[in-house]
Structures are given as C-alpha cells and as structure tokens.
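K.L.:
just to be clear, the model below is a prediction. Sequence and coordinates:
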Amino acid sequence: MDRLDYFVKRFLLVIPTFLGITLAVFALCQIVPGGPIEQLLAQNKGGGGGESVGSEARAALTEDLLQELRAEFGFDKPMMVRYWDWLWHKRAGLRLKSYKWRDQTSWEVIASRFRVSVIFGGIGFVLTYAICIPLGIAKALRDGSSFDFASSMVVFIGYAIPAFAFGMLLKLFLCGASDDLFGLFPSLNWFPCAGFESEQFGQLSAWGKFTDRVHHLFLPLLCYMISNFAVLTLLMKNSLLEQVSQDYVRTVLAQGGSPRRAIWGHALRNALIPIATGIGGILTVFFAGSVLIESVFEIPGMGKLSLDVIVSRDYAVFMAILSLTSVLGLIGNIVTDMTYVLIDPRINFDKR
C-alpha cells in the first residue's frame, strides 16, 4: 500500500510540475524578440509600398497591421488569459496554428515527423540496451582479458569520435560521396546518402519496405548508438563487478552455490538497478531525436524539427513539443521507479 501511495502522489505531482514548466517557458516566449508579429511586420516592410507611399501612411499601415496581428495571435489579452487559452482551449498548444506552416496546427506538424522519430529513436534505444547490457556483462565476466581490452579500445574509439563527424565519414566512405578518396581507393556506394525511405517505398512489397528501411537507417542508427556505447557498457560492467565483490555473493558461494547461480541469480539483478535509470527515457527519446545526425543524413525527425522551429521562432510548435516532452519526461521518471521495483521488489520508497 505504501508503494501505491507513493506512485499515486508521483502521478498527482505531474500536474503542478507540468503547469510550472509550461508557464515559465510560456512567459519567456512572450518577451523574447523575433516572434511572429515582428517577423510578419518585417516581411511587410520588406515588401515595400513604393516611393509613392509616404512615411506617415506607412507608419499608420504598420500600426493598423500591428493591432490586427496582436488580435490574431491573442497578444492583446493579459498573459494569464493567453496561457489559459493555450492550455485548455488549444489543448496545450496542439491545436494552435503554426507560425511557420500557417495552414497546419502544431499537432499536424509534429505528427508528420512523429512516425520517423518512433522508428528511429525507438529502434536505436532498444538496440543500444540490447547490445550494451550483454557486452557489459561479458566484459565483467572476462575482466582483464584480451577480450575486455580489445572491446574497451573499440568502445572508447567510437565514443571519442563525435556522432556527426562519424556520420560524415560513413557517408564519405560508404555512400559514394566521392569518386576517389584521397587518390587511394574509390568510395563504396553501399548505402543511400540521405533520406528515411526510397521514393518508390509505397510501391514495394512488405519485405521490400523492410529491407529499404533497414538500408536507409543502418548508418544513422550506427551513429546514434555509438555515443551511448561507452557509458552504458562500462556502467553495466562496473555495476556487475561491484555486486560480485559484495558479501552476499561470497555467502552464496560459501553455502555451496555455484558461481553461475551467484552471478546470474543474485548479482545480476542488483547490477541492473543503475541501468534502469534510463529506461524511462524511452518515452522522451521519440521526441528528442538527434539534431546533428538527422541533419547529416537529412532525416525528417523531431530533432531536426525542433531546430527548425527554434531558428524560425515558431513558438507555437515549440511550446507544443515542450508540453509533450514535459509530460513524457515526468511519466518516464515514474516508469523508472516502477522498473526499480520490478528488478528488486525489496526497494521501498517510504523515505523518498
């Protein structure tokens, strides 16, 4: 019952925390220069009215246009009224018209990129954990061996190379980006240089769609995962080594238990607790994306969209993305705590 009370309180705290985050950012967006009104006024002035229009007439036109724009975007109302309208009537900004894509709502803009982020981010997240956890366990069980040394070298070399730079190298060597690399050997044209799928994707069979998607995502996913390999792999290795050295493992061995039982039946479960910290991040990874990797491979995902709306100051879409990621992030933290309980039922949250 104590755990149930804890999780109920955590879910209830999502509401005020969400309101605090969105209200603070919403207030900042109201005072940051370069908003939609300033951009439209600049376009109006840039279009010009010819020399026949005097300065007084142009100023009156600008003032009238300013009043119309303030009413259109709701800036003629108090900030708290605008926030309530954004929160309730516009459904946390999801129904608000985009400032950049005027014929689409914020949700329509996000939905067009969401499928890409679910596939790209979800597969990357799952593969990272599916590879790094067994690799970390193998390194811990073979600590100090040649396998441990060789795998550590590969992991650290990959970690030292920035993901976007690694992506550019992959495009150079494996995507036929150059006819002759440094005068030594030709560039291999094994993978597409950009995009998420082929132009004829809709005409392919189910198996053809699968292979086409794998063909396009292989290099971006490799870049996406390589930056996380070192941290997660070494965290798994060190966590398991720490648990193996604990007294309860020695007690199992002293009572006649086999090393396999001591490690796989007792130490591994406790070693997974630090790894579970990032499990809740699977809810936000769909919206986080990777700006640099998506830019290098021209993938229309959420990372690239986030950069576009910030550069273009499309605060409507930006606030919609913020509201979604805030809710998912807060719920993800609760999912992480639930994962702790699943791994070790003895965990108690009474003092938290």
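P.N.:
Now that the structure is in, tell me what you want to look at.
K.L.:
please report the distance of E68 from G278.
P.N.:
Distance from E68 to G278, counting by CB to CB, to the nearest Å: 48 Å. Heads up, the C-betas are built off the backbone N, CA and C, glycines and all.
K.L.:
looking at those two, which one has more neighbours?
P.N.:
Using other CB atoms under 10 Å as the criterion, E68 and G278 rank with G278 on top: 19 against 13.
K.L.:
pretty sure the more buried one belongs to a strand, no?
P.N.:
No: counting by DSSP: H, G, I helix; E, B strand; the rest coil, G278 is located in no strand; its state is helix.
K.L.:
tell me the contacts of it?
P.N.:
G278 is in contact with 232, 336, counting by CB atoms under 8 Å, 6 or more residues apart in numbering.
K.L.:
need the contact partners of stretch 253-264.
P.N.:
Residues from elsewhere that reach stretch 253-264, judged by CB under 8 Å, 6+ apart: 141, 240, 244, 249, 252.
K.L.:
mind redoing it with 7 Å?
P.N.:
With contacts defined as CB atoms under 7 Å, 6 or more residues apart in numbering, stretch 253-264 is touched by 244, 249, 252.
K.L.:
pull the distance from that stretch to the chain's centre.
P.N.:
Mean-position distance between stretch 253-264 and its chain equals 40 Å (CA atoms, centre = their mean, to the nearest Å).
K.L.:
buried sites along that stretch?
P.N.:
Residues 262-263 are the ones in stretch 253-264 that count as buried (16 or more other CB atoms under 10 Å).
K.L.:
use 45 as the first number for this chain going forward.
P.N.:
I'll keep to 45 as the first residue from here, and by that count the last item is stretch 297-308.
K.L.:
start and end of it, how far apart?
P.N.:
Length of stretch 297-308, first residue to last, CA to CA, to the nearest Å: 13 Å.
K.L.:
isn't E342 up against G239?
P.N.:
Yes: because the distance of 6.1 Å satisfies CB atoms under 7 Å, E342 is recorded as touching G239.
K.L.:
after the strand or helix carrying L351, next one along is what?
P.N.:
Per DSSP states H and E, L351 falls inside helix 346-355. For helix 346-355, the following helix or strand on the C-terminal side (DSSP H and E) is helix 359-387.
K.L.:
what's the burial count for D120?
P.N.:
13.
K.L.:
wouldn't it be in contact with R126 here?
P.N.:
No: using CB under 7 Å, D120 is not in contact with R126, being 9.3 Å away.
K.L.:
would you mark the buried spots in whichever helix in the chain runs longest?
P.N.:
In the chain, taking DSSP state H as the definition, the longest helix is helix 250-288. Neighbour counts over helix 250-288 (16+ other CB under 10 Å) mark 256-257, 260-261, 263-274, 276-285, 287-288 as buried.
K.L.:
how far off centre is that helix?
P.N.:
That offset, for helix 250-288, works out to 15 Å (CA atoms, centre = their mean).
K.L.:
packing partners of it?
P.N.:
Secondary-structure packing of helix 250-288 (3 or more CB pairs under 7 Å, 6 or more residues apart in numbering; DSSP states H and E): helix 150-185, helix 190-204, helix 207-218, helix 312-319, helix 335-340.
K.L.:
buried residues, the longest one. List them.
P.N.:
Looking back up the chat, that one is helix 150-185. Buried residues in helix 150-185, counting neighbours by 16+ other CB under 10 Å, are found at 150-151, 153-154, 157-158, 160-161, 163-165, 167-169, 172-173, 176-177, 179-185.
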